[in-house]
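Peer 1: fold the following.
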Amino acid sequence: MGENLLKQQQLEQYIEQLRAAVASVDTSAQDRRHLSEVIAAIETGMNDTAAVDASVVRSLERLVAGFERDHPRLAAILNNILLSLSNMGV
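Peer 2: Numbering: from 1, shown residues only. Next up is the predicted model:
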């Protein structure tokens, strides 16, 4: 139980980092909306990892690929979120 709590806390930290990074970079309205949707889906599923389905993971992967060149910090945070979800069994 303690390990899962630590994993969830780490995921929450990454989400907060992502929010701060999104607020500080110049991205399109569409990118911001998509990031917000993915964050909302992850937050909904944080207590029930089964709620985070493969489509959310695919969206995260696409976002990582899309931001790697122009926004490497966003891509790194998104990748950390992907790794955290994987460690949680998603």
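
Peer 1: residues contacting residue 67?
Peer 2: When contacts are counted by C-beta atoms under 8 Å, 6 or more residues apart in numbering, residue 67 is found next to 31, 74-75, 78. To be clear about C-beta, it is placed using only N, CA and C from the backbone, and glycine gets the same treatment.

Peer 1: restricting to C-alpha, output the host helix or strand of residue 58 in CSV.
Peer 2: Per DSSP states H and E, residue 58 falls inside helix 54-67. Taking Å, rounded to 0.1, in the frame of the first residue of the first chain, the C-alpha atoms of helix 54-67 are listed here in CSV:
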residue,chain,number,x,y,z
ALA,A,54,-4.9,2.8,-23.7
SER,A,55,-6.2,5.9,-25.5
VAL,A,56,-4.9,8.1,-22.7
VAL,A,57,-1.5,6.4,-22.9
ARG,A,58,-1.5,6.8,-26.7
SER,A,59,-2.4,10.5,-26.4
LEU,A,60,0.5,11.0,-23.9
GLU,A,61,2.9,9.2,-26.3
ARG,A,62,1.8,11.5,-29.2
LEU,A,63,2.2,14.6,-27.0
VAL,A,64,5.7,13.5,-26.1
ALA,A,65,6.6,13.0,-29.7
GLY,A,66,5.0,16.3,-30.7
PHE,A,67,6.7,18.4,-28.0
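
Peer 1: that helix: what's the following helix or strand?
Peer 2: helix 72-87.

Peer 1: by how many degrees do that next one and helix 54-67 diverge?
Peer 2: Taking axes from the mean of the first three to the mean of the last three C-alpha atoms, to 10 degrees, one finds helix 72-87 and helix 54-67 inclined to each other by 150 degrees.

Peer 1: please renumber the chain so that the first residue is 865 from this point on.
Peer 2: In the new count, where the first residue is 865, that last one comes out as helix 936-951.

Peer 1: run through who's touching helix 936-951.
Peer 2: 871, 874-875, 878-879, 881-882, 885-886, 889, 891, 899, 906, 913, 916, 921, 924-925, 927-929, 931-932.

Peer 1: cheers, nothing more for now.
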